[in-house]
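J.: Could you look at this predicted model? Sequence included:
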Number of protein chains: 6
Amino acid sequence: MTRHDGRSTDQLREVRITRNWLDHAEGSVLVEFGRTRVLCAASFTEGVPRWLKGKGSGWVTAEYEMLPRSTNTRSDRESRRGKVGGRTHEISRLIGRSLRAVIDTKALGENTIVLDCDVLQADGGTRTAAITGAYVALADAVADAKAKGLLAPNAAPLTGSLAAVSVGVVGGVPVLDLDYPEDSTAETDMNVVMTGDGRFVEVQGTAEGRPFDRDLLGRLLDLATSGCAELTVRQQQALDAPARERLA
Amino acid sequence: MTRHDGRSTDQLREVRITRNWLDHAEGSVLVEFGRTRVLCAASFTEGVPRWLKGKGSGWVTAEYEMLPRSTNTRSDRESRRGKVGGRTHEISRLIGRSLRAVIDTKALGENTIVLDCDVLQADGGTRTAAITGAYVALADAVADAKAKGLLAPNAAPLTGSLAAVSVGVVGGVPVLDLDYPEDSTAETDMNVVMTGDGRFVEVQGTAEGRPFDRDLLGRLLDLATSGCAELTVRQQQALDAPARERLA
Amino acid sequence: MTRHDGRSTDQLREVRITRNWLDHAEGSVLVEFGRTRVLCAASFTEGVPRWLKGKGSGWVTAEYEMLPRSTNTRSDRESRRGKVGGRTHEISRLIGRSLRAVIDTKALGENTIVLDCDVLQADGGTRTAAITGAYVALADAVADAKAKGLLAPNAAPLTGSLAAVSVGVVGGVPVLDLDYPEDSTAETDMNVVMTGDGRFVEVQGTAEGRPFDRDLLGRLLDLATSGCAELTVRQQQALDAPARERLA
Amino acid sequence: MTRHDGRSTDQLREVRITRNWLDHAEGSVLVEFGRTRVLCAASFTEGVPRWLKGKGSGWVTAEYEMLPRSTNTRSDRESRRGKVGGRTHEISRLIGRSLRAVIDTKALGENTIVLDCDVLQADGGTRTAAITGAYVALADAVADAKAKGLLAPNAAPLTGSLAAVSVGVVGGVPVLDLDYPEDSTAETDMNVVMTGDGRFVEVQGTAEGRPFDRDLLGRLLDLATSGCAELTVRQQQALDAPARERLA
Amino acid sequence: MTRHDGRSTDQLREVRITRNWLDHAEGSVLVEFGRTRVLCAASFTEGVPRWLKGKGSGWVTAEYEMLPRSTNTRSDRESRRGKVGGRTHEISRLIGRSLRAVIDTKALGENTIVLDCDVLQADGGTRTAAITGAYVALADAVADAKAKGLLAPNAAPLTGSLAAVSVGVVGGVPVLDLDYPEDSTAETDMNVVMTGDGRFVEVQGTAEGRPFDRDLLGRLLDLATSGCAELTVRQQQALDAPARERLA
Amino acid sequence: MTRHDGRSTDQLREVRITRNWLDHAEGSVLVEFGRTRVLCAASFTEGVPRWLKGKGSGWVTAEYEMLPRSTNTRSDRESRRGKVGGRTHEISRLIGRSLRAVIDTKALGENTIVLDCDVLQADGGTRTAAITGAYVALADAVADAKAKGLLAPNAAPLTGSLAAVSVGVVGGVPVLDLDYPEDSTAETDMNVVMTGDGRFVEVQGTAEGRPFDRDLLGRLLDLATSGCAELTVRQQQALDAPARERLA
């Protein structure tokens, strides 16, 4: 089988991770999975939300949103409609929850890191690209906090790395990293978030067309496992390279 | 190992399904998983939302909400806060999407069924109880529509049955159908929605504490599969019994 | 004259008051006036709203809401519309104001009791059923606070009992406790809230069809007075009986 | 007994009704009950709300609001808070419902009249002043519609006149037309809306302090009846006088 | 050229400034520019918004709003729509910013003055009338605070006076103080806020029809300068006259 | 005098205009004024808002918003706060109004172009950069519509070009194109929007510190005129160059 863009079934789209895309943010990444383009900004601030005060723990949370013309046809702004849609809420919660799985909140101290993931262009897989990019921005923000003395030099709030990818069944065949044309016709759609050492943080599989059986679930998890492993390598390469210098 | 309420690891809480709990709704079920108590009302109306008009297909959707004092301590009403929370949105979307997996929207014609799932009392597993009860209410609403001639006698909009259960790892041990004390200490939490013939509609696993591996994932899916099978039997028993007569 | 359901003009519908319908709430009552069914939950919390702090007085308030399918045809949820409707506000205020008429806020100390009155099924008279049930839930919450030592054993925050009933003119004839078919055709509609010793707390009469004169007003008040007296007896019987044991 | 402003117990404050206070509105009245000052504007528009279309009936509705500095201390604007308060809703509904009691909606044809009642200065009795003034603005708007040929010359949508007044128990004594100092200390507070021929449209009595008995209720209704009769005379005098000419 | 109402091109409409139109507000002015009628109320309160606390400075802000029937045809209330429109926001910000240009916030101490500018009738130039009236109300509120000892007798928070006027090009001719018929057909529209000594605080020029050149801009500024000078005289005359006595 | 970044008083920051930065939008520009970076997307859709239907005219409008971490410290999202702030509204209105000054809406036919201007990074002058970039995106969207046959080949909806720049007084000296450090200390701030042929579309001058006189106003307008002329050249160069090919 050939996919519509020539990829093999277990092939990621071209992945680009550009660090320090912004000058102000403590960490920032422009992450691209093919034409999907998400700007991830990590903001480190001292202090925690009210309900955490005095407990000696930090907090990591995320907000996801799509620019109105990130999509094929323009969508209304949620700020103008006066309320945040269910999908936006759901993905924001997923990103925050996933990142917290690799954070030792005690080691973070009473500090907060907010990850803003704004989709500049959408072509499928925006939530998985966001998680993959947000991890890198988060790592940069932690390093920045150490450099500024806001965290102790030996503090280790990050307990591992995190990457995410989508898998699904398109035309009866399990494939990795669906773009929008594939995603919109997939029979089954699954988003998988994994740590760098190959364990699962989130598994969200949905039968869009018809229910799936245990065997198919296994094949999709295989694809996701190899995809996340490859993304982990890309993240590490990006973090090892000297980043574009921030001007702040 | 003994669970805090004496259940074995693969044992459901006591399940009660009371049909026709309401007089007005086309289908209604009070579903109880132990002390969790959800009122599911199915409203059948002719016509579809604007974006579906003229396409010959129907629509099934759901709204989930918790009464303010369903929980241990009172929560503010979302109507008073003026916005629906992310969790409420997310669960409403899950219920609607799951039900649509067993609906042939063409066979439904241009009709809409809304499932209102209101949690009267919460003790863990409200979303899975809601899905399990909503399926029965949906089946009653379809039967009611046939009885009233709103659907043809041979129309078959339901393509299968649907049940849901939570599984998780508590104290290092995989268990079925977590109540609130278990849920609030679980290391891993998974909600699984399955058809009556044992296929998956939704698999949503989350590492609350630490990431989980493929083997553990498999054991949780085993538990969920047997739990859903048992719930399917209970649903069928409820649907086979003569329902409390509605007064409408 | 015969009413459509066979009642005499001065006859209440069947009244059922089920205490401790919920396990968590400090007081809870499922009250039924015929097919009207309202769940009243009393939540006792230490502390008062900001504007009352340090004054040595407590606070009692109420929130009323209808489930979307409590009615013949489904209504939109106020939480989804993003605002609370005028009728909901008005009835919530009426219930809270009425209950405060039998509360000595000094004797309550700096504590707050919120009464949530959620209409599970509506068939006319939901606000009067809510008040009648909420009083019982309130009494249970006060007793519970004493049992837990949150109120002194001899504290007497309740200065009397409270019941409410609707009266109206249907087909030219004054009748007691209107159900929905009667209410929707009534020429005059009046809701009356009274103390157990027969005095008025609220009198809200509205000419739906044509204005009414002083004599008719008097006849409606007579009906309401006898109806409230009977409800007071029912409340007392419910409070005297051993309640369904709560599991909390 | 002397009231704090020297009035006798059955004496209204000085009442001023200024017609055509605005140039654009089809009817407009600045009504003053002592220092309470409400601007009532009646807007006549062809057409009716969607739910009334094609039924041959018109609609009359009202919106009440207080300017932020109408009161002793400034209140936040409801537009800034993003929601309309319960009290505002309740009074708006009361005014609209009361006016509809003297409107034959069939005779109005498929036209709508909106009464905007904006409190410029508040000193007690704003809702009763609003109703009393709104009736005059409504009468002017009906006359204006006839003059413009939007209603037939012999159409008679007004079936009577309408006035409203507050009564209450202050210092143990029933008094008429309470100002703010009286209202804020009243034990019982009642708003009464009556037709020009002395029948009741709305009776809303509330025990602010302690419950009231049937005898006291009677004495308050007597006071209200004489107060409304006097207001009816004032309204008629205002309508008989040549109005300040509008410039529109 | 003759303007539609007979004015010369550099002639203001009739200006009326009525002080102490309200009894409660610390300063209040009913300002009229022809048929445009704006009620300006200044509320002086001790304390400042949170972000200014402890800095020894005061705050002056403004809120502008139009009554629904201030205009030719009724507009919806922003409170009912649940959000404040862009134009309302913009004008509120303009008024507040302009007034702060003549306020020494240090001399005001930690006190806040809110200017509520409610348009009772609109016939063009509502924002410039509002600023012109608000200045007088502000001056009265400052004087009132001194009289009450809330400001030191020698405190001088007002550093100058402030007036505003609109200018524009109508039918190719620059004119002063446009009314609504002129404003709605103007090719260029400019609002100018000036101090009493003839300097600019705000210049907001907009090409409604076609772009304008530097020469035309100069002629409009000339007109505005003379108009503001005349308004400054009127303001001073109003402030010099004994004001209608407040009753508070 | 030397500015903090070494520029002369009449020197723009480095200006970069990257066309077709997005693949989906009919026109898109990433515009940079130094470190200020705004993504402008033009969406062309057939049809017009309801109030314009059937009049044969098109519509151009704009929405401006800042990403939460575009600024030095993170701001809350307006979508989460549930309302759009005054500043956002004001700038959105300014951009839309300015663009309409160079649009012949009749020549546009019944089509709508929405300009989304999202600030990815803010360092002063975001609204002027947005207008300058939006014009280029608008020109591309018009060309795209012609290429697709949605506009006639000879249709000329653009009547001129449009650029904008800020000027202000910093440290007593008038300067061009203020960055954030300059803007936050400016005594006077002015935003000027001009056509390519040197006429004014918007002049918005504000005395931040102290009022300004006519002479200073003149010097600021001189600076703005030369700045806009230079921006016009840059826009033309960008439009003359072959654009990055879109992938759509």
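T.: Yep, that arrived.

J.: what are the ranges of the helices in chain A?
T.: In chain A, the helices defined using DSSP state H lie at A:78-81, A:86-100, A:105-108, A:126-147, A:180-183, A:214-240.

J.: Nearest to chain B, out of these?
T.: Of all the helices of chain A, it is helix A:86-100 that lies closest to chain B, at 3.5 Å by C-beta to the nearest C-beta. (Each C-beta comes from the backbone N, C-alpha and C, glycine too.)

J.: what's across from residue A:64 in the sheet?
T.: residue A:117 (DSSP bridges).

J.: Show the contacting residues for it.
T.: Residue A:64 makes contacts with A:88, A:91, A:92, A:95, A:117, A:118, A:119, A:126, A:127, A:130, as judged by C-beta atoms under 8 Å, 6 or more residues apart in numbering or on different chains.

J.: pLDDT score for it?
T.: Looking at residue A:64, its pLDDT stands at 97.

J.: With just CA atoms, put stretch A:54-64 into PDB.
T.: C-alpha atoms of stretch A:54-64 as PDB (Å, rounded to 0.1, in the frame of the first residue of the first chain):
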ATOM      1  CA  GLY A  54       2.200  26.000  51.200                       C
ATOM      2  CA  LYS A  55       2.500  22.400  50.200                       C
ATOM      3  CA  GLY A  56       6.000  22.600  48.800                       C
ATOM      4  CA  SER A  57       4.900  21.400  45.300                       C
ATOM      5  CA  GLY A  58       5.000  23.100  41.900                       C
ATOM      6  CA  TRP A  59       2.500  22.900  39.100                       C
ATOM      7  CA  VAL A  60       2.600  22.400  35.400                       C
ATOM      8  CA  THR A  61      -0.400  23.100  33.200                       C
ATOM      9  CA  ALA A  62      -1.100  23.700  29.500                       C
ATOM     10  CA  GLU A  63      -3.500  25.600  27.300                       C
ATOM     11  CA  TYR A  64      -4.100  24.600  23.700                       C
END
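
J.: so how far is that stretch off the chain centroid?
T.: 17 Å (C-alpha atoms, centre = their mean, to the nearest Å).

J.: Next, the buried residues of it.
T.: Buried residues in stretch A:54-64, counted by 16 or more other C-beta atoms under 10 Å in any protein chain shown: A:57, A:58, A:59, A:60, A:61, A:62, A:63, A:64.

J.: In strands only, show me those.
T.: A:59, A:60, A:61, A:62, A:63, A:64 (DSSP state E).

J.: How about the lowest-mean-pLDDT helix or strand in chain A and chain E, any contact?
T.: The weakest-scoring helix or strand in chain A, judged by mean pLDDT, DSSP states H and E, is helix A:78-81 (a mean of 86). No - Helix A:78-81 is not in contact with chain E by C-beta under 8 Å from any C-beta of the partner chain; minimum separation 9.4 Å.

J.: contacts for that helix?
T.: Counting by C-beta under 8 Å, 6+ apart, A:65, A:84, A:85, A:88, F:63, F:65, F:77, F:78, F:79, F:83, F:84, F:88 sit against helix A:78-81.

J.: In contact with the spatially most central residue of chain A: list those residues for me.
T.: Central residue of chain A (C-alpha atoms, centre = their mean): residue A:131, 0.8 Å from the mean position. Residues near residue A:131 by C-beta under 8 Å, 6+ apart: A:94, A:95, A:98, A:99, A:162, A:163, A:164, A:193.

J.: For the fifth one, give its distance to residue B:126.
T.: With the distance defined as C-beta to C-beta, to the nearest Å, residue A:162 ends up 29 Å from residue B:126.

J.: now do the last one
T.: Remark: distance between residue A:193 and residue B:126 (C-beta to C-beta) = 24 Å.

J.: between those two, which one's more packed in?
T.: Legend: neighbour count by other C-beta atoms under 10 Å in any protein chain shown for residue A:193 and residue B:126, higher for residue A:193 (30 against 26).

J.: How about that one: which residues does it bridge to?
T.: In beta-bridge terms (that is, DSSP bridges), residue A:193 pairs with residue A:164, residue A:202.
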